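# Got a predicted model here, sequence first, then my questions.
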Amino acid sequence: MSDRRHGSAEGEGGRDGAWDRSVFLPPESQVGAGEAQLPPRPPGPGQPRHRGGVPLSVVLPGLPQLLAGRLLMGGYALALWVGLAALVVLRSNRVLRAPFGPLDHQVAVVCLLLVLVGLWGWSLRDVRRDPLEVRPGPWRLALRSFRRNRLAVCGAVSVITLTLVALLAPLAAPFDPTLQGDLVTRRLVGPSPEHLLGTDQYARDLLSRLLYGARISLAIGFLAVGIAVSIGTLVGGVAGFAGGRIDDLVMRFVDMVISFPRLVLLIAVIALFRPSMVVIVVVLGLTQWPQVARIVRGEVLSVREREFVEAARALGFSRTRIMARHILPNVMGPVVVVATLGIGDTIVLEAVLSFLGLGVQAPTPSWGIMVAEGRSHLLGAWWISTFSGLAIVATVLSFNLAGDGLRDALDPRLRR
């Protein structure tokens with residue numbers, strides 16, 4: 001009687017709408033003999049909801065997860081799907097002409113289709129996945145710890161959104177960022193329904209320039225940090241694994257590079273060459289790798305004395321294989337954190353160089369150039385510098401929050 005009353009109460013709770021997280025997931029598989037028996041799920045309400053989750057995922061990815069109580073993942077996936085679908089409808093002419101247009105338009109359409117298909121596939125796979133099949137590995141534990149940090153999750157969501165905005169700028173921008181309007185009637189116009197962020201002194205739409213400027217800033221940040229991480233990981237790994245005189249010689253060279261003032265060195269090098277995006281990326285990457293090298297070297301010195309490395313030496317593995325297969329994969333956690341934090345630092349440096357006239361040259365839109373162009377109109381046209389400055393602050397803050405969350409999640413000693 002007690003079991004029957006208990007099942008009836010649970011069934012009523014299901015009919016009243018008290019859905020749990022597993023409402024769209026398949027029932028647990030049967031446990032084997034000798035294992036602890038899990039309480040069975042309520043019969044009836046779970047199965048129809050699971051069957052209805054697949055059609056919902058096909059129509060609106062993220063909606064089953066949202067209804068199941070996963071507000072963050074489901075809500076963001078649903079909002080992203082709806083936003084991209086609205087972009088396809090509103091910019092249908094650009095989407096249809098993109099395959100025959102410039103390369104950046106083709107890249108934007110490909111990214112748009114990949115994101116839409118990826119959201120659809122993720123939601124459908126997540127609904128049909130059995131939660132008992134998920135094994136909690138180290139990376140999944142780190143992801144679970146990262147999700148508990150709400151600020152870090154907000155930073156990661158902002159980073160993903162900014163990256164998508166930068167990739168889809170040719171489709172999302174309402175105007176050509178370099179197109180000059182009527183200087184008599186459209187110059188220094190404040191935010192309005194036609195120009196949501198206003199226009200600058202050349203009657204150019206600031207929203208379009210802001211969207212295209214995100215491409216410049218993020219591209220320079222990712223490429224420069226990629227160069228720095230590649231060089232720093234190689235140099236630090238070799239120094240830490242070799243040890244002895246090689247370690248001393250390499251690290252003294254790293255100390256010498258670090259001793260130079262970075263901003264002064266950047267200005268001096270860029271002033272000798274014609275400023276361009278390639279020069280800026282190379283210079284920023286070549287001046288940032290020493291910090292990565294020192295971190296990698298310290299991690300390698302710790303990992304190379306562990307038992308699994310000693311076992312690999314005892315089995316006769318070559319030094320190259322030990323370094324590539326056993327040491328470097330175990331030091332990539334701090335490298336990922338340094339790279340995430342370094343992107344924000346690189347974006348700030350690029351904005352400073354552009355503000356000084358040593359970065360990307362006009363009329364190419366850049367956040368630093370937009371801040372510099374608006375400094376002479378701060379009182380009468382505050383929107384020129386304000387929105388671009390806020391974009392820099394928001395982007396750097398997002399990367400820093402995501403980097404701090406990754407640091408706590410990848411370090412077992414800091415996991416909560």
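Ah, there it is.

# could you pull out the helices for the stretch 151-300 of the chain?
Using DSSP state H, counting those that start in this stretch, the helices of the stretch 151-300 of the chain run over 169-172, 206-242, 244-259, 262-272, 277-286, 289-303.

# Serialize those to TSV and add fields for mean neighbour count, distance to Leu341 and mean pLDDT.
For glycine as for every other residue, the C-beta is placed from the backbone atoms N, C-alpha and C. Shown next, in TSV, are those (neighbours: other C-beta atoms under 10 Å; distance: least, C-beta to C-beta, whole Å; pLDDT from 0 to 100):
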stretch	mean neighbour count	distance to Leu341	mean pLDDT
helix 169-172	22	25	90
helix 206-242	22	9	89
helix 244-259	13	17	86
helix 262-272	14	15	78
helix 277-286	19	14	85
helix 289-303	21	10	87
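
# And Leu263, how close does it get to Ile246?
31 Å (C-beta to C-beta, to the nearest Å).

# So what touches stretch 270-277?
Counting by C-beta atoms under 8 Å, 6 or more residues apart in numbering, stretch 270-277 makes contact with Ile216, Ala219, Ile220, Val279, Ile280, Val283, Leu353, Gly357, Leu358, Gly359, Val360, Gln361, all of which sit outside it.

# Same check on stretch 255-262?
Thr287, Pro290, Gln291, Leu349.

# same thing with stretch 351-360?
The contact list for stretch 351-360, computed with C-beta under 8 Å, 6+ apart, reads 216-217, 263, 266-267, 270-271, 275-277, 280, 350, 366-369, 371-372, 392.

# Would you mind listing the buried residues in that stretch?
Under the neighbour-count criterion of 16 or more other C-beta atoms under 10 Å, stretch 351-360 has Ala351, Val352, Leu353, Ser354, Phe355, Leu356, Leu358, Gly359, Val360 buried.

# Check the contacts of stretch 270-277 and tell me the two furthest apart.
Distance extremes for the contacts of stretch 270-277: the farthest pair is Ala219 and Gly357 at 19.8 Å, using C-beta to C-beta.

# and of the helices of the stretch 151-300 of the chain, who's closest to Gly74?
helix 169-172 (23.8 Å).

# Which elements pack onto that closest one?
Identification of packing neighbours for helix 169-172 by 3 or more C-beta pairs under 8 Å, 6 or more residues apart in numbering; DSSP states H and E yields helix 92-97, helix 103-128, helix 206-242.

# Using CSV, write out every CA atom in it.
C-alpha atoms of helix 169-172 as CSV (Å, rounded to 0.1, in the frame of the first residue of the first chain):
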residue,chain,number,x,y,z
ALA,A,169,29.6,40.7,-39.4
PRO,A,170,29.1,40.7,-43.2
LEU,A,171,25.6,39.4,-42.7
ALA,A,172,24.6,41.3,-39.5
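
# Identify the residues contacting it?
For helix 169-172, the surrounding residues in contact (C-beta under 8 Å, 6+ apart) are 87, 91, 94-95, 98, 102, 104-105, 108-109, 112, 165, 211-212, 214-215.

# sorry, back to before: of the contacts of stretch 255-262, closest to Val82?
When those are ranked by distance to Val82 (C-beta to C-beta), Leu349 comes first, at 36.2 Å.

# Surely the closest one is in a helix?
Yes - membership of Leu349 in a helix is supported by DSSP: H, G, I helix; E, B strand; the rest coil.

# Quickly note the distance from it to Ile280.
Relative to Ile280, and taking C-beta to C-beta, Leu349 is found at 9 Å.

# can you check Met332 too?
For Met332 relative to Ile280 (C-beta to C-beta), the value is 27 Å.

# so where is the chain shaky, pLDDT-wise?
Across the chain, the ranges flagged by pLDDT under 70 are 1-53, 130-139, 411-416.

# Domains in it, by residue range?
Domain ranges of the chain: 53-134, 206-414, per automatic domain parsing.

# Would you mind saying which of the ones you listed lies nearest Ser158?
Proximity to Ser158, assessed across the domains of the chain by C-beta to C-beta, is greatest for domain 206-414 (3.7 Å).

# next one: the closest one to chain centre, how far?
Distance, stretch centre to chain centre, for domain 206-414: 15 Å (C-alpha atoms, centre = their mean, to the nearest Å).

# sorry, back to before: I'd like the domains of the chain as TSV, with distance to Leu179 appended.
Formatted as TSV, these follow (distance: least, C-beta to C-beta, whole Å):
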stretch	distance to Leu179
domain 53-134	15
domain 206-414	8
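
# so which of the ones you listed comes closest to Asp200?
Among those, the nearest to Asp200 by C-beta to C-beta is domain 206-414 (5.2 Å).

# Pipe the helices and strands packed on helix 169-172 into a markdown table and attach distance to Pro61 per row.
Conversion of the helices and strands packed on helix 169-172 to a markdown table gives the following (distance: least, C-beta to C-beta, whole Å):
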| stretch | distance to Pro61 |
| --- | --- |
| helix 92-97 | 19 |
| helix 103-128 | 4 |
| helix 206-242 | 25 |
